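**Student:** Output the structure for:
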Amino acid sequence: MDPRLQRPGEDDTDLFERLEGDPELEAYYFIMPAKAKVVGTVFEEGMLRRDFKYGRNPRISLFLEASTVKSLPGGGVEFVEKGKRARYLRSFSRKAEHVEFWSSLDDLKEAVLNRALLGP
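**Tutor:** Residues are numbered from 1 along each chain as shown. Here you go, the predicted structure:
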């Protein structure tokens with residue numbers, strides 16, 4: 001979230017709520033580092049379910065830390081971690097229009113910027 005978008009007197013949570021509720025929202029970019037907690041991804045899934053329920057069709061780009069996945073033929077991914085998080089992310093990755101892997105913060109920054117420049 002860019003702090004320059006904040007209105008006078010608006011704190012970070014107010015800004016997030018305003019941006020997140022914007023009906024013009026066209027795309028979500030999710031960054032999943034190794035060992036991200038399931039609780040965070042459950043919130044994200046809730047946002048997406050709400051959008052789809054109200055007729056929105058946001059594009060989803062998913063950026064996964066390379067150490068957590070391996071690429072499968074046909075564009076699928078297999079999570080090398082075990083447990084609930086891996087099952088959730090497997091399902092989540094199927095909803096994504098774009099899935100990309102990153103190894104370093106520089107790789108991640110480049111990947112996200114390149115994707116953003118393509119437009120929603």
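**Student:** tell me the SS of the residue positioned nearest the centre of the chain?
**Tutor:** Most central in the chain under CA atoms, centre = their mean is residue 30, positioned 1.4 Å from the mean C-alpha point. Per DSSP: H, G, I helix; E, B strand; the rest coil, the secondary structure class of residue 30 is strand.
**Student:** cool, and the one 5 residues further on?
**Tutor:** Under three-state DSSP, residue 35 falls in the coil class.
**Student:** ok, for the residue nearest to the centre of the chain, nearest residue in space, not its chain neighbours?
**Tutor:** Of all residues not flanking residue 30 in the chain, residue 62 sits nearest, at 5.0 Å (CB to CB, 6 or more residues apart in numbering). Quick note: C-beta positions are derived from backbone N, CA and C, even for glycine.
**Student:** Tell me which helix or strand the one you found sits in.
**Tutor:** Take DSSP states H and E as the rule and residue 62 turns out to sit in strand 59-65.
**Student:** In whichever helix or strand comes after that strand, which residues are buried?
**Tutor:** As assigned by DSSP H and E, the chain's next helix or strand after strand 59-65 is strand 69-71. Neighbour counts over strand 69-71 (16 or more other CB atoms under 10 Å) mark residue 69 as buried.
**Student:** ditto for stretch 89-105
**Tutor:** 89, 92-93, 96, 99-102.
**Student:** Could you do stretch 8-27 as well?
**Tutor:** The neighbour-count check on stretch 8-27 (16+ other CB under 10 Å) flags residue 15 as buried.
**Student:** And stretch 27-39, by the same measure?
**Tutor:** 28, 30, 32, 36.
**Student:** that older thread, which residues sit in contact with the residue nearest to the centre of the chain?
**Tutor:** Residues in contact with residue 30 (CB atoms under 8 Å, 6 or more residues apart in numbering) are 44, 60-63, 92, 96.
**Student:** same check, this time on residue 106
**Tutor:** Listed by CB under 8 Å, 6+ apart, residue 106 has no contact partners.
**Student:** Locate it within the secondary structure: which element?
**Tutor:** Residue 106 is part of helix 105-118, with elements assigned from DSSP H and E.
**Student:** how far is that helix from where the chain is centred?
**Tutor:** Helix 105-118 sits 13 Å away from the centroid of its parent chain (CA atoms, centre = their mean, to the nearest Å).
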